[in-house]
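J.: Let me see the structure of the following:
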Amino acid sequence: MQDHILIVDDDRQLTSFLERFLAKQGFRATSAGSGEQMRMAMARHDFSLIILDLILPDVDGFEMAREVRRDNRVPMIMLSARDEVYDRIIGLELGADDYLTKPYEPRELLARIRSVLRRSKPADAELAGALPPVRFLRFGDLTLDLVERRLTRDGGAEDVYLTSTEFALLRALAQGAGEVQTRERILETVYGNAVSITDRAIDAHIVRLRRKIDNGDAADSMIRTVHGSGYLLAAEVEAAQGDGTSE
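T.: Next up is the predicted model:
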């Protein structure tokens with residue numbers, strides 16, 4: 001199925017160019033020039049990814065990101081002419097999957113789009129309908145479903161919302177539970193060696209992930225920082241197959 005991308009930017013010349021450029025790459029693209037137009041587009045369509053400029057004529061882009069993340073896990077790339085570390089961290093903490101500073105090369109944006117979409121989709125075997133040998137990873141009161149790409153608490157009683165990047169990050173930590181995952185390894189396995197991802201960006205995603213999985217108890221987080229190295233998941237992980245049986 002063709003991926004449908006929403007471009008939110010009030011620069012009509014730029015959005016027209018991006019629509020044509022992305023169409024040549026096999027994507028369907030729709031543009032919106034304001035926060036209100038973005039809301040209307042999202043009410044009409046289910047998008048595969050949103051490209052969101054932070055400076056809009058009617059609303060702050062950060063506020064639109066918050067609004068989207070209240071009830072939608074669609075992958076999101078933020079754009080901004082401001083190359084401030086603070087803006088990058090805020091964007092990632094709000095749930096953006098990537099952040100790109102203007103001006104940028106269209107090919108770089110294309111690479112980011114493909115990288116984020118890869119992280120947001122099941123593996124080829126899952127798309128073909130074949131369950132992987134392990135479907136569920138259980139630790140603490142949490143269950144990570146590798147096929148449905150969902151995290152639940154208390155045996156499924158509560159859904160814990162994760163962005164595509166947060167899911168990929170937690171999966172990497174859970175699959176290597178008890179072992180230190182270096183920032184270099186996280187960069188490779190989770191972000192695909194994206195050049196834009198810095199240590200601070202990884203840290204921001206970890207902070208956000210801790211808030212979600214620790215049920216407010218950040219002082220006793222399951223995700224431990226190993227100073228000078230990286231992170232580890234300090235929990236016993238039980239792997240289960242698609243039928244629920246443990247390995």
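J.: And the strands in the chain, which stretches?
T.: All strands of the chain, identified by DSSP state E, fall at 4-8, 28-32, 49-53, 76-80, 98-101, 136-139, 142-145, 150-153, 158-160, 181-182, 223-226, 230-233, 238-240.
J.: which non-adjacent residue is nearest residue 186?
T.: residue 202 (5.9 Å; C-beta to C-beta, 6 or more residues apart in numbering). All C-beta atoms are positioned from the backbone trio N, CA, C, and that covers glycine.
J.: which residues touch residue 231?
T.: Residue 231 makes contact with 173, 180-181, 186, 206, 223-225 under the criterion C-beta atoms under 8 Å, 6 or more residues apart in numbering.
J.: burial of the residue nearest to residue 186, as a residue count?
T.: 20 (other C-beta atoms under 10 Å).
J.: Please tell me I have it right and it contacts residue 187.
T.: Yes - between residue 202 and residue 187 a contact is recorded at 7.1 Å, counting by C-beta atoms under 8 Å.
J.: just for the chain, where's the confidence low?
T.: 83, 122-132, 193-197, 215-219, 242-247 (pLDDT under 70).
J.: can you pull out the helices in it?
T.: Taking DSSP state H as the test, the helices found in the chain are 12-24, 35-44, 61-69, 85-93, 106-120, 124-127, 164-175, 183-189, 199-213.
J.: Buried deepest among these, which one?
T.: A comparison of those by mean neighbour count, using mean count of other C-beta atoms under 10 Å, puts helix 164-175 on top with a mean of 22.
J.: Would you mind writing the CA trace of that helix as PDB?
T.: What follows is helix 164-175 as a C-alpha-only set of coordinates in PDB (Å, rounded to 0.1, in the frame of the first residue of the first chain):
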ATOM      1  CA  SER A 164       7.400   4.000  16.700                       C
ATOM      2  CA  THR A 165      10.900   5.100  18.000                       C
ATOM      3  CA  GLU A 166      10.000   4.400  21.600                       C
ATOM      4  CA  PHE A 167       8.800   1.000  20.600                       C
ATOM      5  CA  ALA A 168      12.000   0.200  18.700                       C
ATOM      6  CA  LEU A 169      14.100   1.500  21.700                       C
ATOM      7  CA  LEU A 170      12.200  -0.600  24.300                       C
ATOM      8  CA  ARG A 171      12.300  -3.700  22.100                       C
ATOM      9  CA  ALA A 172      16.100  -3.300  21.800                       C
ATOM     10  CA  LEU A 173      16.500  -3.000  25.500                       C
ATOM     11  CA  ALA A 174      14.100  -5.900  26.300                       C
ATOM     12  CA  GLN A 175      15.800  -8.200  23.800                       C
END
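J.: Brilliant, that's me finished.
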